[in-house]
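Enquirer: fold the following, please.
(one chain, ligands or ions: 1)
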Amino acid sequence: METDRSKKPGSNIDSWCGKCKLVLAHTIEAMVGDKPVRVHCNTCKSQHSYKPNPPAARKARASAASDGSTVPPTKVRMSRYQSLLKAKDTAVPKAYSPKDKYETGDVLEHPTFGRGVTTAIKDGTKIEVLFESGSKTLVHGR
Ligand SMILES: [Zn+2]
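Expert: Below is the predicted model of the structure:
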């Protein structure tokens, strides 16, 4: 006769079976103190350690994929260039001429570099212009 709480080798116990993937009746094979450590599955007869609970269900796959998208420097420059140009959407670009005077924000069309936005006036004769290929220093006001 079995009394409650008296587990011993040979008695039945519910355990997780990794083969059956179910909590099933098992037979205790070995115990340490009053804890079953080794059981065999009454269903598939496989021997394994006693696992009172099913393994934790696999957590939804780490949802950290959306973070950490690093933007390459060229993209940053491109987007700055594009947003600058976009802001100047309505501006009709002037053909660049070193004789003209430019103001910050002026959009110009350079024969080599293409369309650019004046980002800084360096001094009376130099401006910094952001082109798609990067920033260039140009002369102006000559
Ligand atoms: Zn089993």
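
Enquirer: pLDDT of the helix or strand harbouring residue 120, averaged?
Expert: Residue 120 belongs to strand 114-123 when assigned by DSSP states H and E. Mean pLDDT, strand 114-123: 92.

Enquirer: ok, then the element right after it?
Expert: Downstream of strand 114-123 (by DSSP H and E), the next one is strand 126-131.

Enquirer: residues contacting residue 81?
Expert: 117, 130-132 (CB atoms under 8 Å, 6 or more residues apart in numbering). C-beta: built from backbone N, CA, C; applies to glycine.

Enquirer: of the residues you listed - the most surrounded one?
Expert: residue 117 (25 neighbours; other CB atoms under 10 Å).

Enquirer: look up how far residue 79 lies from it.
Expert: As defined by CB to CB, to the nearest Å, residue 117 lies at a distance of 13 Å from residue 79.

Enquirer: spatially nearest residue to residue 25, not counting backbone neighbours?
Expert: residue 42 (4.6 Å; CB to CB, 6 or more residues apart in numbering).

Enquirer: how near is the one you found to the ion?
Expert: Distance, residue 42 to the ion, by CB to the ion, to the nearest Å: 8 Å.

Enquirer: residue contacts, that residue?
Expert: Counting by CB under 8 Å, 6+ apart, residue 42 has contacts 12, 24-27.

Enquirer: so what touches the strand holding residue 120?
Expert: Residues contacting strand 114-123 (CB under 8 Å, 6+ apart): 81, 84-85, 88, 93, 96, 102-110, 127-133, 135-137.
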